[in-house]
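Trainee: Need the 3D shape of this:
(one chain, ligands or ions: 1)
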Amino acid sequence: MQFKRCVCGKSISSARNLCAKCLGLYGREPANWPEWVRYSAYDIQREWNRNRRHDELMVIDDTQVDDRWPHERGVGAAWDYILEEMV
Ligand SMILES: [Zn+2]
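Mentor: Numbers count the residues shown, from 1 in each chain. The predicted structure follows:
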């Protein structure tokens with residue numbers, strides 16, 4: 001899975017810390033986020049990094065890495081992608 005979670009539970013791309021809505025609410029600068037947002041985002045990032053390392057180890061035995069474009073993964077993934085790109 002190439003998506004991680006926003007602090008609100010929405011799927012976001014791995015390059016982001018917050019979804020479009022939360023970015024609108026809290027801004028792009030982590031220093032200005034409410035404390036719980038910062039803690040949650042850092043927690044999610046830490047978890048993401050751990051899964052990411054796990055994924056990389058798994059790649060040795062698993063060639064089925066999902067490198068398709070979002071629109072090839074289904075309407076849900078494509079829509080998430082479109083929403084994220086609108087930020
Ligand atoms: Zn969010």
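Trainee: From here on, just use CA atoms for contacts and neighbour counts.
Mentor: Will do.
Trainee: Give me the distance between residue 52 and residue 7.
Mentor: Distance of residue 52 to residue 7, computed by Cα to Cα, to the nearest Å: 18 Å.
Trainee: Show me which of the two is the more surrounded one.
Mentor: A side-by-side neighbour count of residue 52 and residue 7, using other Cα atoms under 10 Å, places residue 7 first with 21 against 15.
Trainee: tell me the contacts of residue 39?
Mentor: Contacts of residue 39 were listed using Cα atoms under 8 Å, 6 or more residues apart in numbering, and none were found.
Trainee: Point out where the chain drops to low pLDDT.
Mentor: 1-2, 56-67, 70-72, 75, 77-79, 81-82, 84-87 (pLDDT under 70).
Trainee: Buried by neighbour count: which residues of the biggest helix by length in the chain qualify?
Mentor: In the chain, taking DSSP state H as the definition, the longest helix is helix 35-58. Neighbour-count burial for helix 35-58, with 16 or more other Cα atoms under 10 Å as criterion, is recorded at 37, 38, 40, 41, 44, 45, 48.
Trainee: Residue 54 versus the last one, what's the distance?
Mentor: With distances defined as Cα to Cα, the gap from residue 48 to residue 54 amounts to 10 Å.
Trainee: Doesn't residue 12 lie inside a strand?
Mentor: Yes - per DSSP: H, G, I helix; E, B strand; the rest coil, residue 12 lies within a strand segment.
Trainee: Identify the bridge partners of it.
Mentor: Beta bridges link residue 12 to residue 4, judged by DSSP bridges.
Trainee: Brilliant, that's me finished.
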